[in-house]
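# Give me a model of this one.
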Amino acid sequence: MENKKTAVDFFLKEMSDIIGIVNTDAFQNLLMIDAYNKAKQMEKEQIMEACGFGFNDGQAYMDGNPKFQSAEQYYNETYGK
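Next comes the predicted model:
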């Protein structure tokens, strides 16, 4: 199975195409890579949290008491509209 690109990976590729992440300004490169690594860690935590909520809410749904009625509701309540 081919790995899917995350939004952060997509954004980094787009930015590198637009502004060129690899350039002569090493400091700028380090800042971009640091920001990328932080964003990847945040994204990983968000995906894992969403998966955990999905498992828990699935069990709650089977018990007749789901916290979220939809993925959109989860998103809006977790990250805002």
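
# Could you use CA atoms for every contact and neighbour count after this?
Will do.

# Quickly find the element holding the most centrally placed residue in the chain.
Note on the chain: the residue nearest the mean C-alpha position is Glu43, at 3.1 Å, using C-alpha atoms, centre = their mean. Under the criterion of DSSP states H and E, Glu43 resides in helix 26-62.

# now for that helix, which elements pack on it?
Applying 3 or more C-alpha pairs under 8 Å, 6 or more residues apart in numbering; DSSP states H and E, one finds that helix 26-62 contacts helix 7-19.

# how far out from the middle of the chain is the helix it packs on?
Chain-centre distance of helix 7-19: 14 Å, with C-alpha atoms, centre = their mean, to the nearest Å.

# Need the CA coordinates for that helix. PDB is fine.
Output of helix 7-19 as PDB, limited to C-alpha atoms (Å, rounded to 0.1, in the frame of the first residue of the first chain):
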ATOM      1  CA  ALA A   7      -1.300  18.000   4.700                       C
ATOM      2  CA  VAL A   8       2.100  19.100   6.200                       C
ATOM      3  CA  ASP A   9       4.000  17.100   3.600                       C
ATOM      4  CA  PHE A  10       1.900  18.500   0.800                       C
ATOM      5  CA  PHE A  11       2.500  22.000   2.100                       C
ATOM      6  CA  LEU A  12       6.200  21.600   2.400                       C
ATOM      7  CA  LYS A  13       6.400  20.300  -1.200                       C
ATOM      8  CA  GLU A  14       4.300  23.200  -2.500                       C
ATOM      9  CA  MET A  15       6.400  25.700  -0.600                       C
ATOM     10  CA  SER A  16       9.600  24.200  -1.900                       C
ATOM     11  CA  ASP A  17       8.300  24.500  -5.400                       C
ATOM     12  CA  ILE A  18       7.200  28.100  -4.900                       C
ATOM     13  CA  ILE A  19      10.100  29.600  -2.900                       C
END
